[in-house]
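Participant: no FASTA, just this:
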């Protein structure tokens, strides 16, 4: 159990372990360390943490009228409520960052997962044990899932802290007009964080599948951002409404269902099912690809 | 295990099959497709009789979805990109969803959810509250001098004294199909076209086809619940098209009793609270004029499927968003419009109406004939003719029928 050597080499020794679970946990820990100490990932998390702070100060300096969200977009509706309740700053931050920055963070991590290693030439050494390929892929995907959860929770928590510092905090007015106690509101925020993390994890599955096809992490990131942006544009064009439910980003902002009374679980389940379908399909593509790929670098 | 290679090949195929199966099951839960259940045979006459005898459920929780795809020629803005689900053009195109909770005419909740917003109407006994999350406004409607509706009475379109009722009227497929059935007669072919599933309930598919060739309505399909004989869905298919141009139906229906917490409402802290006395507010709205202004309002020319509404010059603008449409084609969207106009101040609704009128006029083409001249707007389901005199003629008919009607207008 020399975790120190694992950190130094970046890898634990991949040998036939007597206790597969413990062995896998060691692999996971090492992969987690790699992802969470890599400077670019930390910078990414830093941007995610700064964004709610910036949003909070912008709204504090130029405080919107309570209930001024007469605008038509969801962001305007949330901005109108921030002045009344700081909890909405966390929601606004998630809403705003979900359009590009949060997906970008996942794109960076999933691009690095396999394509980045292949580019550096470290993937070949990792894959010397044939039976370890799928398990390595699974570990890398678990890391992406954890990173999704950390990223969305970070945005929510920083947003919540800034909201509490700059604006009053109290009972939360839901979209349906009911006022629920703060603790209930925070529970709903926690569910939103999990929902958003699931959405990002599904995107991560697309990313890890793309990551098995190339040695260039940048190509994976660019492709993922194109997928996200094109999907969002198509989602806004009503002429192609038929394909809207099948778009990967269609249910990303459907977490407003958690802000209604009663909670619109149908919409939440539709969203989660859509994410699951994407994760299953692209996860299968990644598994099929990594099992057969002839990796030379 | 004796032959590891073969074993792995099997595993590979099995896992591929499993992935497809899981994806199919998950997709199936999201997009449940309509099946054709086996039901006892019914003639159209039997079905119509059963429908007339059907009783409205005493309580329900439902989601009603309305989709309009009227095929407007080139409206100036792409509705989806204007990012407003309540904008003028969005009201006549796209899909709208309304949630219903109902236990009695004086105990109901209607919610129109949009992305990060919601408009609610809650009727709890004598308390009528309307909530708009975008403006954070709670409006309390106080009853007029007249006593409120008797409890236990079914919400009929005629008894539209309370706004809650007028909002509900036409919102449900029940009302929409009643209007269609009223048109049935010797001019109409009615058949039972097999069975279907709507909102998870087995239903008969009743087909109504107008015989008049001047009608733009190709077929109206009504899905009739096999247990309660209530209409679950109404689809209006334009002549020569396969998909419905207008559709209203339950996407979810439960006849269980909704929680009472749905009907009670207390304005949340920080909300703008307004009080509106109904008797005073109604005349300000276009829909409120109907009792006194009906005689001077739209005139109906022609009969049955070929009816054309002629709206005199001055009133045309106010009535344009769809209130003048005869038959089922417009009733749903018109009711939806009236359901939504109560959500905002009357001025805002009028502004939307004029904005819509502007965009409609831009899309209209110039026409002329022995009847005079004017501008014609043709959609898949109805035609609108604005004559040079300012009269607006609307009908679910071909332009020829409109021209003939225009000749009759002095």
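Facilitator: On my side now, so go ahead. Keep in mind it's a predicted model, so treat the numbers as computed, not measured. Residues are numbered from 1 along each chain as shown, chains lettered A, B, ... in the order given.

Participant: what count of nearby residues applies to the residue of the stretch 101-250 of chain B found nearest chain A?
Facilitator: Per CB to the nearest CB, the residue of the stretch 101-250 of chain B with the smallest distance to chain A is residue B:136, at 2.9 Å. Glycine gets a C-beta too; all of them are placed from N, C-alpha and C. Per other CB atoms under 10 Å in any protein chain shown, the neighbour tally for residue B:136 reads 24.

Participant: mind checking pLDDT for it?
Facilitator: You'll see residue B:136 listed with a pLDDT of 87.

Participant: please apply the same query to residue A:138.
Facilitator: So residue A:138 comes in at 91 (pLDDT).

Participant: element containing it, please.
Facilitator: Here residue A:138, judged by DSSP states H and E, is contained in helix A:132-166.

Participant: likewise for residue B:390?
Facilitator: With DSSP H and E as criterion, residue B:390 is part of no helix or strand.

Participant: likewise for residue A:95?
Facilitator: Per DSSP H and E: helix A:87-97 holds residue A:95.

Participant: distance between the next helix or strand after that helix and the chain's centre?
Facilitator: Moving toward the C-terminus from helix A:87-97, the next helix or strand (DSSP H and E) is helix A:101-111. Chain-centre distance of helix A:101-111: 8 Å, with CA atoms, centre = their mean, to the nearest Å.

Participant: so residue A:188 sits against residue A:258, correct?
Facilitator: Yes: the pair residue A:188 / residue A:258 is scored as a contact, 5.1 Å apart, by CB atoms under 8 Å.

Participant: picking up where we left off before, what is the helix holding residue A:138 packed up against?
Facilitator: Applying 3 or more CB pairs under 8 Å, 6 or more residues apart in numbering or on different chains; DSSP states H and E, one finds that helix A:132-166 contacts helix A:20-37, helix A:39-61, helix A:87-97, helix A:101-111, helix A:182-211, helix A:265-292.

Participant: so where's chain B shaky on pLDDT?
Facilitator: B:1-5, B:8, B:12, B:25-35, B:71-93, B:145-185, B:279-297, B:313-362, B:410 (pLDDT under 70).

Participant: swap in the stretch 151-297 of chain A?
Facilitator: Filtered on pLDDT under 70, the stretch 151-297 of chain A yields the residue ranges A:294-297.

Participant: rerun that using 80 as the cut-off
Facilitator: Scanning the stretch 151-297 of chain A with the threshold set as pLDDT under 80 gives A:238-239, A:241, A:292-297.

Participant: for chain B, what are the nearby residues on it?
Facilitator: Counting by CB under 8 Å from any CB of the partner chain, the positions of the stretch 151-297 of chain A adjacent to chain B are A:170-171, A:173, A:175-179, A:236-239, A:241, A:245, A:253, A:256, A:259-262, A:264, A:266, A:269-270, A:273-274, A:276-277, A:280-281, A:284, A:287-288.

Participant: from these, keep the buried residues only.
Facilitator: For those, a burial check counting by 16 or more other CB atoms under 10 Å in any protein chain shown picks out A:170-171, A:173, A:175-179, A:238, A:241, A:253, A:256, A:259-261, A:264, A:270, A:273-274, A:276-277, A:280-281, A:284, A:287-288.

Participant: chain neighbours aside, what residue packs nearest to residue B:112?
Facilitator: The shortest distance from residue B:112 to any non-neighbouring residue, by CB to CB, 6 or more residues apart in numbering or on different chains, is to residue B:119 (4.6 Å).

Participant: residue B:134 now?
Facilitator: Residue B:134's closest residue in space is residue B:117 (CB to CB, 6+ apart), at 4.7 Å.

Participant: for the one you found, what are phi and psi?
Facilitator: phi -160, psi 160 (degrees, to the nearest 10).

Participant: may I have the beta-bridge partners of it?
Facilitator: residue B:114 (DSSP bridges).

Participant: ok, it to residue A:45 distance?
Facilitator: 31 Å (CB to CB, to the nearest Å).

Participant: can you pick out the residue with more neighbours from those two?
Facilitator: Taking neighbours as other CB under 10 Å, residue B:117 and residue A:45 compare with residue B:117 leading, 24 against 17.

Participant: so what strands line up beside the helix or strand encompassing residue B:368?
Facilitator: In this assignment (DSSP H and E), residue B:368 forms part of strand B:365-369. Next to strand B:365-369 in the sheet, as set by DSSP bridges, lie strand B:372-378 (antiparallel).

Participant: tell me which residues in the strand it pairs with are buried?
Facilitator: Quick answer for strand B:372-378 (16+ other CB under 10 Å): B:372, B:374-378.

Participant: what's the neighbour count on the residue nearest to residue B:264 when sequence neighbours are not counted?
Facilitator: Nearest-residue entry for residue B:264: residue B:124, 5.4 Å, with adjacent residues in sequence omitted and distances by CB to CB, 6+ apart. When neighbours are counted by other CB under 10 Å, residue B:124 registers 16.

Participant: tell me the contacts of residue B:124?
Facilitator: Residues near residue B:124 by CB atoms under 8 Å, 6 or more residues apart in numbering or on different chains: B:106-107, B:263-265.

Participant: now do the helices in the stretch 251-400 of chain B.
Facilitator: B:278-281, B:290-293, B:316-319, B:327-341, B:346-363, B:399-408 (DSSP state H, counting those that start in this stretch).

Participant: just the element for residue B:94, please.
Facilitator: strand B:93-104.

Participant: given that strand, what are its sheet partners and their directions?
Facilitator: With DSSP bridges as the test, strand B:93-104 is paired with strand B:60-69 (antiparallel), strand B:107-114 (antiparallel).

Participant: turn the ones you listed into JSON lines, including mean neighbour count.
Facilitator: JSON lines is the format used below for the strands paired with strand B:93-104 (neighbours: other CB atoms under 10 Å in any protein chain shown):
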{"stretch": "strand B:60-69", "mean neighbour count": "21"}
{"stretch": "strand B:107-114", "mean neighbour count": "22"}
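
Participant: neighbours of the closest residue to residue B:116 other than its chain neighbours, just the number please.
Facilitator: On the basis of CB to CB, 6+ apart, the spatially nearest residue to residue B:116 that is not a chain neighbour turns out to be residue A:74, at 3.3 Å. Residue A:74 has 21 neighbours, counted by other CB under 10 Å.

Participant: can you pull the contacts of residue A:74?
Facilitator: A:95, A:253, A:256, B:115-117 are the contacts of residue A:74 under CB under 8 Å, 6+ apart.

Participant: can you add distance to residue A:87 and give the residues you listed back as TSV?
Facilitator: Output for those, formatted as TSV (distance: CB to CB, whole Å):
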residue	distance to residue A:87
A:95	13
A:253	18
A:256	14
B:115	19
B:116	14
B:117	17
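
Participant: now, which of those sits nearest residue A:224?
Facilitator: Nearest to residue A:224 among these is residue A:253, at 18.2 Å by CB to CB.

Participant: which ones are touching the closest one?
Facilitator: Per CB under 8 Å, 6+ apart, neighbours of residue A:253: A:74, A:95, A:98, B:115-116.

Participant: can I get those in JSON lines including distance to residue A:225?
Facilitator: Listed next are these as JSON lines, based on distance: CB to CB, whole Å:
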{"residue": "A:74", "distance to residue A:225": "21"}
{"residue": "A:95", "distance to residue A:225": "19"}
{"residue": "A:98", "distance to residue A:225": "14"}
{"residue": "B:115", "distance to residue A:225": "23"}
{"residue": "B:116", "distance to residue A:225": "24"}
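
Participant: just the buried ones from those, in ChimeraX syntax?
Facilitator: This is how ChimeraX selects the buried members of these, with burial counted by 16+ other CB under 10 Å:
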select /A:74,95,98 /B:115,116
